[in-house]
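Undergrad: Make a model of this:
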Amino acid sequence: MIEGFTALYIFMLAAFTGYEVISRVPVILHTPLMSGSNFIHGIVVVGAMVALGHAESNVEMAIGFVAVFLAAGNAVGGYIATVRMLEMFQPKKEG
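TA: Okay, here's the model as predicted:
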């Protein structure tokens, strides 16, 4: 397992890189990009569950639980955005 400062360094590098990549995406592409990356959200949920499974202390378990909760929320949000985007292209029903 990765220890202390190495894990913190990797986390900070990933956060910075993710912010830089997302900030450079044009606004019009955010929804299709998020819809196309829903599978990544599922991988994040699995990774968070694995990390939670390897937790030994109460602090690690709490952080793992929060990670699983946030990753699952991220995945659900991606699918909700996809459904809303697809509804925009449905023909209007006359009532």
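Undergrad: any idea which helix or strand comes after the lowest-mean-pLDDT helix or strand in the chain?
TA: Least confident helix or strand, the chain: helix 30-36 with a mean of 64, by mean pLDDT, DSSP states H and E. The helix or strand immediately downstream of helix 30-36 is helix 38-53, counting by DSSP states H and E.
Undergrad: Other residues contacting that following helix?
TA: Applying CB atoms under 8 Å, 6 or more residues apart in numbering, the contact partners of helix 38-53 are 61, 64-65, 67-68, 70-72, 74-75, 78-79, 82. Backbone N, C-alpha and C define where each C-beta goes, glycine included.
Undergrad: try 6 Å
TA: Residues outside helix 38-53 that contact it (CB atoms under 6 Å, 6 or more residues apart in numbering): 64, 67-68, 71-72, 74-75, 78.
Undergrad: Can you spell out which helices and strands pack onto the helix or strand that Val66 is a member of?
TA: In the assignment (DSSP H and E), Val66 maps to helix 58-88. With contacts taken as 3 or more CB pairs under 6 Å, 6 or more residues apart in numbering; DSSP states H and E, helix 58-88 sits against helix 30-36, helix 38-53.
Undergrad: Just name the closest of the contacts of helix 38-53 to Gly18, please.
TA: Distance to Gly18 across these (CB to CB) is lowest for Asn74, with 12.2 Å.
Undergrad: so what's that closest one up against?
TA: Residues in contact with Asn74 (CB under 6 Å, 6+ apart) are His41.
Undergrad: Relative to Ile80, how far out is it?
TA: 11 Å (CB to CB, to the nearest Å).
Undergrad: now swap in Thr6 and tell me
TA: To Ile80, Thr6 is 36 Å away according to CB to CB.
Undergrad: do Val21 as well
TA: Counting by CB to CB, the separation of Val21 from Ile80 is 22 Å.
Undergrad: can you check Phe16 too?
TA: Distance of Phe16 to Ile80, computed by CB to CB: 28 Å.
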